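Q: predicted model follows, preceded by the sequence.
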Amino acid sequence: MEVQVIFFGSITDITLDNSVVIDGCVDINSLVQTLIERYPALANKKYFVAVNQKMVHENSKLKMGDTVALMPPFSGG
Amino acid sequence: MEVQVIFFGSITDITLDNSVVIDGCVDINSLVQTLIERYPALANKKYFVAVNQKMVHENSKLKMGDTVALMPPFSGG
Amino acid sequence: MSNKKTASIFVSGPIPAQKIADDIQKHSAKTNIGAHSIFLGQIRADEINNTKVIAIEYTAYEEMVMEKMAEIREAFFAKYALTCMHIYHSLGRVAVGEICLFVFTSSAHRRDAIDACNEMVETIKKELPIWGKEICTDESTVWKQNN
Amino acid sequence: MSNKKTASIFVSGPIPAQKIADDIQKHSAKTNIGAHSIFLGQIRADEINNTKVIAIEYTAYEEMVMEKMAEIREAFFAKYALTCMHIYHSLGRVAVGEICLFVFTSSAHRRDAIDACNEMVETIKKELPIWGKEICTDESTVWKQNN
């Protein structure tokens, strides 16, 4: 089960990519775990998570084709 | 002893003049009395008084050459 | 740009949108500015007793406005960390849809520009000897009242 | 001008002063407007560790900004008696002295335009997924932080 993960702002300094496709994660917690294994510096980063453009503040199930965004604190304006 | 009296806004609807020279008034109270004799409708008007561009809120002496302004409530902006 | 400037705030007739653009553009050289706050007053086609406002004609006690504005400027620069502050008010006739008041404040951080701009609009309406006469479609006139 | 508009707020590069003038000019036909409130964000030449900011490069999660802005617009039109509200934010590189944010609210009476404009500036900084990277004279970069 694949989801697309997209990165923004200072997170891209760690991932060096704007997006990756991750397979086999049933929920956000397991996805975050997988990402930290791939990008260890993420463990110390502060960020918000959005699934399909909606902010999520707790663990929740993922489904095929979801887009998960990792967003550091906003600094527009 | 002459002073110049200048009128603004809706006050000019009563005086029909922008200014008059009034002679022989020693203070603001006597000046106002003289003006009301000349323009009776002034008696019912609300206005501020400025002497030489400074607002005055109490009776005060006038001197030769003073400029006294009668100003209805402001409505700029 | 000086904080002691006592030039007249008056513009004859409406304030052109182009003047606002030009004033903004001039500030691009001031690289310590992070925020601009602007207030514009526009003449509204209010209905008064079955007739409609088509213009406002402004008059002022100009010398007193200039003295008062010098005091107000000094107080605002003491209270707010402003880079600059520009104020323009129309004199004479301004038609519906046109701009009669332009308040423009700038600062490094947004709170100073925003708070100063807001307070300046209230100060202008309350403290400056300026009067507006509303002119209606049927030629009748009504002295404007601020609230 | 519609209050349900969900067009993009993004402008590529700096927001020209001329655009601000043109937008103001367009509103002269709306004769129920009495007040406009405008906020402009300008890039500041801040000093960071002995070097100076020369530009900010903005990126955003554009689709999410559009969804979020549609919600925010609806909430603002419910809360304030606005005639219209226009918001523009830069994407990409904006140099020191240039404009990166333009918030423009209009209403019949001044309180609605002013309060909505102030609240919108805070809302944009807090709720929209937009990021600024400060670029310095020595080519170093620092991710901007809002406060």
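A: Arrived safely, thanks for sending. Residues are numbered from 1 along each chain as shown, chains lettered A, B, ... in the order given.

Q: what's the residue closest to the geometric middle of chain A?
A: Closest residue to the average C-alpha location of chain A: A:L70 at 3.9 Å, with C-alpha atoms, centre = their mean.

Q: and chain C, by the same measure?
A: In chain C, the C-alpha nearest the mean C-alpha coordinate belongs to C:L101, at 3.2 Å (C-alpha atoms, centre = their mean).

Q: could you pull out the strands in chain A for me?
A: In chain A, the strands defined using DSSP state E lie at A:2-7, A:19-23, A:48-51, A:54-56, A:67-71.

Q: what of chain C?
A: Under DSSP E, chain C gives strands at C:10-12, C:35-42, C:47-48, C:51-60, C:82-95, C:99-107, C:130-136, C:141-143.

Q: comparing these by mean pLDDT, which bottoms out?
A: Looking at those, the lowest mean pLDDT belongs to strand C:47-48 (a mean of 88).

Q: and stretch A:12-28, what's buried?
A: A:T12, A:I14, A:T15, A:I22, A:C25, A:I28 (16 or more other C-beta atoms under 10 Å in any protein chain shown). Using the backbone N, CA and C atoms, a C-beta is placed for each residue, glycine as well.

Q: may I have that stretch as CSV, with CA atoms only?
A: In CSV, the C-alpha atoms belonging to stretch A:12-28 read as follows (Å, rounded to 0.1, in the frame of the first residue of the first chain):
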residue,chain,number,x,y,z
THR,A,12,13.9,19.3,2.7
ASP,A,13,17.4,20.2,4.1
ILE,A,14,17.2,16.7,5.8
THR,A,15,15.5,14.7,3.1
LEU,A,16,17.2,16.5,0.1
ASP,A,17,14.0,15.5,-1.8
ASN,A,18,10.7,17.1,-2.1
SER,A,19,8.8,13.8,-2.1
VAL,A,20,9.1,10.1,-1.7
VAL,A,21,6.8,7.1,-2.2
ILE,A,22,6.6,4.9,0.9
ASP,A,23,5.1,1.4,0.8
GLY,A,24,3.6,-0.7,3.6
CYS,A,25,2.7,1.8,6.4
VAL,A,26,-0.8,1.3,7.7
ASP,A,27,-0.9,4.5,9.8
ILE,A,28,0.9,7.8,10.5
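
Q: near chain D, which residues of chain A show up?
A: A:6, A:8-10, A:13, A:50, A:53, A:69, A:71-77 (C-beta under 8 Å from any C-beta of the partner chain).

Q: of these, buried ones?
A: By neighbour count, with 16+ other C-beta under 10 Å, the residues of chain A next to chain D hold A:6, A:8-10, A:50, A:69, A:71-77 as buried.

Q: residue in chain A with the shortest distance to chain B?
A: Closest residue of chain A to chain B, C-beta to the nearest C-beta: A:G77 (28.6 Å).

Q: ditto for chain C
A: Closest point on chain C to chain B, by C-beta to the nearest C-beta, is C:I130, at 2.9 Å.

Q: who are the neighbours in contact with that residue?
A: By C-beta atoms under 8 Å, 6 or more residues apart in numbering or on different chains, C:I130 lies in contact with B:F74, B:S75, B:G76, B:G77, C:Y58, C:T59, C:A60, C:Y61, C:V65, C:H89, C:I124.

Q: got the confidence number for the closest residue in space to it that isn't next to it in sequence?
A: Distances taken as C-beta to C-beta, 6 or more residues apart in numbering or on different chains place B:G76 nearest to C:I130, at 2.9 Å, with adjacent residues excluded. Looking at B:G76, its pLDDT reads 97.

Q: and C:N3, by the same measure?
A: 43.

Q: how about the residue of chain A found nearest chain D, phi and psi?
A: Closest residue of chain A to chain D, C-beta to the nearest C-beta: A:G76 (2.9 Å). The phi/psi pair for A:G76 (degrees, to the nearest 10) reads phi -80, psi 170.

Q: I'd assumed D:E62 was in contact with it.
A: No: shown here, A:G76 and D:E62 do not form a contact pair, counting by C-beta atoms under 8 Å, at 11.8 Å.

Q: tell me the contacts of the residue in chain C positioned nearest to chain D?
A: Nearest residue of chain C to chain D (C-beta to the nearest C-beta) works out as C:A21 at 3.3 Å. Going by C-beta under 8 Å, 6+ apart, C:A21 touches D:A17, D:Q18, D:I20, D:A21.

Q: pLDDT at the nearest residue to it once chain neighbours are set aside, what is it?
A: Nearest non-adjacent residue to C:A21, counting by C-beta to C-beta, 6+ apart: D:A21, 3.3 Å away. Here, the pLDDT recorded for D:A21 equals 96.

Q: what's the distance between D:A21 and C:V96?
A: 20 Å (C-beta to C-beta, to the nearest Å).

Q: now A:K63
A: 56 Å.

Q: look at these two and report which has more neighbours.
A: Under the neighbour definition other C-beta atoms under 10 Å in any protein chain shown, A:K63 and C:V96 were set side by side, and C:V96 has more, 20 against 10.

Q: that one against C:V53, yeah?
A: Yes: counting by C-beta under 8 Å, C:V96 touches C:V53, with 6.5 Å between them.

Q: what do these two both touch?
A: Common neighbours of C:V96 and C:V53 (C-beta under 8 Å, 6+ apart) are C:I43, C:R44, C:A45.

Q: just the buried subset of these, please.
A: C:I43, C:R44, C:A45.

Q: so what's C:V121 up against?
A: So C:V121 contacts B:G77, C:F39, C:L101, C:V103, D:R110, D:I114 (C-beta under 8 Å, 6+ apart).

Q: quick check, pLDDT for the residue nearest to the centre of chain A.
A: 98.

Q: what's across from it in the sheet?
A: Taking DSSP bridges as the rule, A:L70 bridges to A:F7, A:V49.

Q: state the distance from it to D:E67.
A: 18 Å.

Q: just the contacts of C:A21: which are in helices?
A: D:A17, D:Q18, D:I20, D:A21 (DSSP state H).

Q: are any of those buried, and which?
A: Looks like these have D:A17, D:I20, D:A21 buried, using 16+ other C-beta under 10 Å.

Q: point out where chain A drops to low pLDDT.
A: For chain A, no stretch has pLDDT under 70.

Q: for chain A, state which of the contacts of C:V121 is nearest.
A: D:I114 (18.0 Å).

Q: my guess is the closest one meets C:M120, correct?
A: No: between D:I114 and C:M120 there is no contact under C-beta under 8 Å: 11.3 Å.

Q: what about A:M64, neighbour count?
A: 7.

Q: which residue, other than its chain neighbours, is closest to it?
A: Counting by C-beta to C-beta, 6+ apart, A:M64 lies nearest to A:M1, which is 5.0 Å off, once chain neighbours are set aside.

Q: got the contact list for the one you found?
A: A:D23, A:G24, A:C25, A:V26, A:L62, A:K63, A:M64.

Q: wait, doesn't the first one sit right on A:S30?
A: No: no contact is recorded between A:D23 and A:S30 when judged using C-beta under 8 Å, the distance being 11.5 Å.
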